[in-house]
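Undergrad: Fold the following for me, if possible:
(chains A and B)
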2 protein chains.
Amino acid sequence: MTVSATEALDAAVFNSDGLLPAVIQQFDSQEVLMLGWMDREALRRTLVEGRVTFWSRSRQEYWRKGDTSGHAQFVRAAALDCDNDTLLVQVDQVGAACHTGTRTCFDGRDLAVTTIPNE
Amino acid sequence: MTVSATEALDAAVFNSDGLLPAVIQQFDSQEVLMLGWMDREALRRTLVEGRVTFWSRSRQEYWRKGDTSGHAQFVRAAALDCDNDTLLVQVDQVGAACHTGTRTCFDGRDLAVTTIPNE
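TA: The predicted model follows:
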């Protein structure tokens, strides 16, 4: 069952700053591209306009991804998590998701980890 | 180049509550399983112990995923994003990632979206 945009806006739980984290994933390759923040209006625009819009915490303004860079994110699907406080958006990303020019904001930023067997 | 755990702990940027969001992704299928929160100590344990540990905001305690449920997350890789304020962890998830019993916290929670062509 698919939840309507209106129902989603009422269900979504925002933090004390009125924001929720949105994980952006390339719909076909499944790469995690970036994480951005949305207020209720940015979420509304993202669900109904077909393009991802964030709230820029640094600039304190709406930021429709790609309007300046050309690197737009076309929405293909979206889901809220079990607590309704995190959004996952499947997109078709034009060019680089990261302002540094890499495809994702995590590319080339690997951390050393200890791995143990899954048993 | 891979960043050491010590360097990562110094580089990581935490919010005013001392936390950063951690996106958890199944390493092979690339499913986004869930989003959790980590403070500096949870991040340290995750990088060096081989199992994902969160800070539980509701219970105000460390929460090593799977200790109660058996649904552990074995760390395979991790990266900080370009702003050092979001973590992406590739894991091998045992069983269901979600406390509701679904494989991911986003399963069956699709929202209606408008899609427009990527042109």
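
Undergrad: what about the strands in chain A?
TA: Using DSSP state E, the strands of chain A run over residues A:20-26, A:32-38, A:53-56, A:61-64, A:73-80, A:87-93, A:110-111.

Undergrad: Out of these, which one sits most buried?
TA: The densest packing among those, expressed as mean neighbour count by mean count of other C-beta atoms under 10 Å in any protein chain shown, is seen in strand A:32-38 with a mean of 25. Where you see a C-beta, it was placed from the backbone N, CA and C, and this is true even at glycine.

Undergrad: Was I right to think A:Ser4 contacts B:Ala112?
TA: Yes - look at A:Ser4 against B:Ala112 with C-beta atoms under 8 Å: they come within range, at 5.1 Å.

Undergrad: hang on, the earlier thing: turn the strands of chain A into JSON lines, including mean pLDDT.
TA: As requested, the strands of chain A are arranged in JSON lines below (pLDDT from 0 to 100):
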{"stretch": "strand A:20-26", "mean pLDDT": "98"}
{"stretch": "strand A:32-38", "mean pLDDT": "98"}
{"stretch": "strand A:53-56", "mean pLDDT": "97"}
{"stretch": "strand A:61-64", "mean pLDDT": "98"}
{"stretch": "strand A:73-80", "mean pLDDT": "98"}
{"stretch": "strand A:87-93", "mean pLDDT": "98"}
{"stretch": "strand A:110-111", "mean pLDDT": "96"}
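
Undergrad: Make TSV from these and add distance to B:Gly18 to it.
TA: Compiled in TSV, the strands of chain A are given as follows (distance: least, C-beta to C-beta, whole Å):
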stretch	distance to B:Gly18
strand A:20-26	16
strand A:32-38	18
strand A:53-56	22
strand A:61-64	26
strand A:73-80	25
strand A:87-93	23
strand A:110-111	19
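
Undergrad: Now render those strands as JSON lines, adding distance to chain B.
TA: Compiled in JSON lines, the strands of chain A are given as follows (distance: least, C-beta to the nearest C-beta, whole Å):
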{"stretch": "strand A:20-26", "distance to chain B": "5"}
{"stretch": "strand A:32-38", "distance to chain B": "4"}
{"stretch": "strand A:53-56", "distance to chain B": "12"}
{"stretch": "strand A:61-64", "distance to chain B": "13"}
{"stretch": "strand A:73-80", "distance to chain B": "4"}
{"stretch": "strand A:87-93", "distance to chain B": "5"}
{"stretch": "strand A:110-111", "distance to chain B": "5"}
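
Undergrad: Could you check which of A:Ser4 and B:Ala112 has the larger neighbour count?
TA: Comparing A:Ser4 with B:Ala112 by other C-beta atoms under 10 Å in any protein chain shown, the one with more neighbours is B:Ala112, at 15 against 11.

Undergrad: Next, the contact list for that one, please.
TA: When the contact criterion is C-beta atoms under 8 Å, 6 or more residues apart in numbering or on different chains, the partners of B:Ala112 are A:Thr2, A:Val3, A:Ser4, A:Ala5, A:Ala8, A:Leu47.

Undergrad: Quick one: distance of stretch A:68-82 to the chain centre.
TA: Its chain's average C-alpha position is 6 Å from that of stretch A:68-82, according to C-alpha atoms, centre = their mean, to the nearest Å.

Undergrad: now the end-to-end length of it.
TA: End-to-end distance for stretch A:68-82, by C-alpha to C-alpha, to the nearest Å: 34 Å.

Undergrad: end-to-end on stretch A:26-41?
TA: One end of stretch A:26-41 sits 23 Å from the other (C-alpha to C-alpha).

Undergrad: in stretch A:44-61, what's buried?
TA: Of all the residues in stretch A:44-61, those buried under the rule 16 or more other C-beta atoms under 10 Å in any protein chain shown are A:Arg44, A:Arg45, A:Thr46, A:Leu47, A:Gly50, A:Arg51, A:Val52, A:Thr53, A:Phe54, A:Trp55.
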